[in-house]
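1. Please find the sequence and the predicted model below.
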Amino acid sequence: MGNKTSIHITKHSSLWEGLGGLLLFLLLAVSCSESDDEAADEFANWQERNDAYFATLEDSLFKAMSSSLATQAFSWKKIKTYTKDETAQSKNTDYIYVKVLASGDQSTASPLYSDSVRVAYRGRLIPSVTYPEGYVFDQTYTGDYHIETTGVANKLVSGYIDGFSTAIQHMHKGDYWRIYIPYPLGYGSSGTTGVPGYSVLIFDLALIDFATAPDILTPWTSRQP
């Protein structure tokens, strides 16, 4: 009797263990399936979504220009890429859009294409499923931007993508802009590491200093622009 009872309990234990394993497998399968779906949704219809997002910027510019916002600190600009003649017929993607977050000394000069610049920036993509503020693919600082604590990058203006270089050549020392770059002026249809093709790029960009060729930037010993 004792042996039969023991065998009976063992059989039930094996059954429950088997069911538990099957349930765990199903839960993991569902979890993996959901993760795959989320990954697929992250960049689903990516070109169409980016094109639609960039098209809304014209509305933002129009509203700013047609209201009192145009005369305030947080204003919008539309700047044609330096690679296109100002008088030539152009497409909307030949321009970058700019929202001015803070203005520096507007009496100072702007960098030229051959100049070297000291900048701080954060680059991100348009909002997506996992990243409602946009996936950050490159940055020189974390958290909020502060001149006292920011990291910087020193580079030739000519070394940046066209949209980025276009913005810099219109900035003054101390300017802090949010720039929106269409994919033809960014990483194109092929993209780059961390950036899918057809991506609108959104940069928060500060111009801290620059040096005109053949001069070079001196080491940054002061945390003042």
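-> Looks like it arrived, so ask away.
2. C-alpha only now, for contacts and for neighbours.
-> Will do.
3. Could you look up the next helix or strand downstream of the worst-scoring helix or strand of the chain on mean pLDDT?
-> Sorted by mean pLDDT, DSSP states H and E, the helices and strands of the chain end with helix 2-42, the least confident at a mean of 50. Reading on from helix 2-42 to the C-terminus, the next helix or strand found by DSSP states H and E is helix 46-65.
4. show me where pLDDT drops low in the protein?
-> For the chain, applying pLDDT under 70 flags the ranges 1-40, 66-74, 221-225.
5. Which residues does stretch 100-108 contact?
-> Identification of contacts with stretch 100-108 by Cα atoms under 8 Å, 6 or more residues apart in numbering yields 73-77, 172-178.
6. Let's see that with 10 Å instead.
-> 72-77, 171-179, 204-208, 225 (Cα atoms under 10 Å, 6 or more residues apart in numbering).
7. Export the helix or strand harbouring residue 137 to CSV, keeping only CA atoms.
-> For residue 137, the element it lies in under DSSP H and E is strand 136-139. These are the backbone C-alpha positions of strand 136-139, laid out as CSV (Å, rounded to 0.1, in the frame of the first residue of the first chain):
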residue,chain,number,x,y,z
VAL,A,136,19.1,59.4,-28.3
PHE,A,137,21.8,58.1,-30.7
ASP,A,138,24.6,60.6,-29.9
GLN,A,139,25.3,63.2,-27.3
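8. Could you please name the strands it pairs with and the direction of each pair?
-> Using DSSP bridges, strand 136-139 pairs in its sheet with strand 116-124 (antiparallel).
9. quick one, what contacts the spatially most central residue of the chain?
-> The chain has residue 124 as the residue nearest its centroid, 1.2 Å off, counting by Cα atoms, centre = their mean. Residues near residue 124 by Cα under 10 Å, 6+ apart: 131, 133-139, 180, 194-195, 199-204.
10. Which of the residues you listed fall in strands?
-> 136-139, 180, 201-204 (DSSP state E).
11. Quick one: neighbours of residue 60, just the number.
-> Residue 60: 15 surrounding residues under other Cα atoms under 10 Å.
12. Span of stretch 88-99 from start to end?
-> End-to-end distance for stretch 88-99, by Cα to Cα, to the nearest Å: 25 Å.
13. Contacts for that stretch, please.
-> By Cα under 10 Å, 6+ apart, stretch 88-99 touches 51, 54-55, 57-58, 60-61, 73-84, 162-164, 166-167, 176-185, 201-204.
14. Show me just the buried residues among those residues.
-> Among these, those classed as buried by 16 or more other Cα atoms under 10 Å are 51, 54, 57-58, 61, 75-82, 162-164, 166-167, 176-185, 201-204.
15. Next, give phi and psi for residue 99.
-> phi -110, psi 120 (degrees, to the nearest 10).
16. Show me what it is bridged to.
-> residue 76, residue 178.
17. Next one: it from residue 188, what distance?
-> 22 Å.
18. more crowded one of those two?
-> residue 99 (20 against 16).
19. any idea how far the more buried one is from residue 125?
-> In terms of Cα to Cα, residue 99 sits 16 Å off from residue 125.
20. And residue 148, by the same measure?
-> Distance from residue 148 to residue 125, by Cα to Cα: 26 Å.
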